[in-house]
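In: have a look at this prediction, sequence included:
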Amino acid sequence: MARIVQKFGGTSVGDLARIRNVALRVKAEIDRGNEVAVVVSAMSGVTNQLVDYCTQMAPLHDAREYDAIVATGEQVTSGLLAIALQELGVQARSWAGWQIPIITDDAHSRARIAEIRGAEIIRRMAEGQVAVVAGFQGLGPDNRVTTLGRGGSDTTAVALAAALKADRCDIYTDVDGVYTTDPRIVKSARKLDKITYEEMLEMASLGAKVLQTRSVEMAMKHRVRVQVLSSFSDAPGTLVCDEDEIVEKELVSGIAYSRDEAKVTLVAVSDQPGIAAGIFSPLADANINVDMIVQNTSHDGTTDLTFTCGRADLERALKVVKDNMKIPFKTINTDKSVVKVSVIGVGMRSHAGVAQTMFKALADKGINIQVISTSEIKVSVLIAEEYTELALRALHTAYGLDAS
Ligand code: ASP
Ligand code: MG
């Protein structure tokens, strides 16, 4: 017997027929003799609709009321799935976040889970009852409903799996796993059988939208084994797990890209102490996330400094720099048509030459690298956006990832 948390995303519960299909999947786990708790998202499109209502009522609205409104989507699905299960003869009960309770902090609309008191659910699971939990929501210290940020049901599922000490957390979605790169762009992309927490975290934060980044952090912290799989097929999915569980480690596991980047270059900044602090402190104060940073050595007492930020933040970033910059510089150049391409793999901790392979593959295609940054398990480059597809395909081949 195993204890399993299953999570079904918006498309998997998109209409009543699909909810019935989900009920069959839950029943199949019960019939295998397992204990099951289920976490559901709102039916696809519902959360967007609810957010839209809030914005139409008032563009700037109270976050507590926003939470009261958008949390309802998941409650509908949890009740419907409980009914569908009962129709199949499976004992089931729906749970809103506050009923368990899932305790969060008070950051309404983007709350973090502090604690889940799972004792009652564990007791009922032992009696064969399925808990159908509304994802994405919790209870704040002000005794009001909170939500966990968009995509937060993934985090509910992983946190619940940790609290219930589940053997596995199965995340059912509309793709059948985690791929070596975006299969819409690279036809030879392969589904990975397994990927480490660290790699998945990089993939998620670098633009692969399979799992909410925070859910991966949570899985890594509590060592929850997470399986990503499709609710529309019976194919095995991708297991996100500890490095020790992966026998044959690839040098590079995946290639991610993000079009959400913009590049800012300050030309001929006077080279003196305090430059970086003078530029980046005001940006941080304005809550602008800066990603890649390069500064060159100076020759004539000035240096060029380049950084990247989210495309949506570019105008704000420019204003902040111009308003706060006390150190002299010549001009600011910006570029919005850039893309960040990253190769990711725990194998590069112990192997040399990974970056070199990347640079050579791009050079062979005549693609210019504008900015480079590295971490222990990834190398990222910034290139012109028009080369995204070409770069992804070239790198996929260069690292031997193409399906044979
Ligand atoms: N329904 C919420 C959203 O669309 C949470 C989730 O589905 O994970 O963001
Ligand atoms: Mg999702």
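Out: Cool, the structure landed. Residues are numbered from 1 along each chain as shown. Ligands and ions are numbered 1, 2, ... in the order given.
In: could you pull out the strands for the stretch 251-400 of the chain?
Out: Shown for the stretch 251-400 of the chain, the strands assigned by DSSP state E, counting those that start in this stretch span residues 254-270, 290-295, 302-310, 331-344, 371-375, 378-384.
In: can you list the neighbours in contact with the helix or strand encompassing residue 93?
Out: Assigned by DSSP states H and E, residue 93 belongs to strand 92-95. Here strand 92-95 makes contact (Cβ atoms under 8 Å, 6 or more residues apart in numbering) with 26, 75, 78-79, 81-82, 85-86, 121, 124, 129-134. (C-beta placed from N, C-alpha, C; glycine too.)
In: can you flag which of the residues you listed belong to strands?
Out: Among the contacts of strand 92-95, DSSP state E puts 130-134 in strands.
In: and of those residues, the nearest to residue 352?
Out: Nearest to residue 352 out of the ones in strands among the contacts of strand 92-95 is residue 133 (Cβ to Cβ; 46.7 Å).
In: quick one: the closest one from ligand 1, how far?
Out: Noted for residue 133: a distance of 12 Å to ligand 1, by Cβ to the nearest ligand atom, to the nearest Å.
In: residues near that residue, how many?
Out: 30 (other Cβ atoms under 10 Å).
In: contacts only, for it.
Out: 37-40, 78, 94-95, 97, 100, 121, 156, 160.
In: switch to 7 Å and redo it
Out: By Cβ atoms under 7 Å, 6 or more residues apart in numbering, residue 133 lies in contact with 37-39, 78, 95, 100, 156, 160.
In: JSON lines please, covering the residues you listed and showing neighbour count and secondary structure.
Out: Output for those, formatted as JSON lines (neighbours: other Cβ atoms under 10 Å; DSSP: H, G, I helix; E, B strand; the rest coil):
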{"residue": "37", "neighbour count": "29", "secondary structure": "strand"}
{"residue": "38", "neighbour count": "31", "secondary structure": "strand"}
{"residue": "39", "neighbour count": "30", "secondary structure": "strand"}
{"residue": "78", "neighbour count": "27", "secondary structure": "helix"}
{"residue": "95", "neighbour count": "23", "secondary structure": "strand"}
{"residue": "100", "neighbour count": "23", "secondary structure": "coil"}
{"residue": "156", "neighbour count": "30", "secondary structure": "helix"}
{"residue": "160", "neighbour count": "27", "secondary structure": "helix"}
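In: from the ones in strands among the contacts of strand 92-95, pick the one nearest residue 108.
Out: Using Cβ to Cβ, the shortest approach to residue 108 within the ones in strands among the contacts of strand 92-95 belongs to residue 134, at 16.8 Å.
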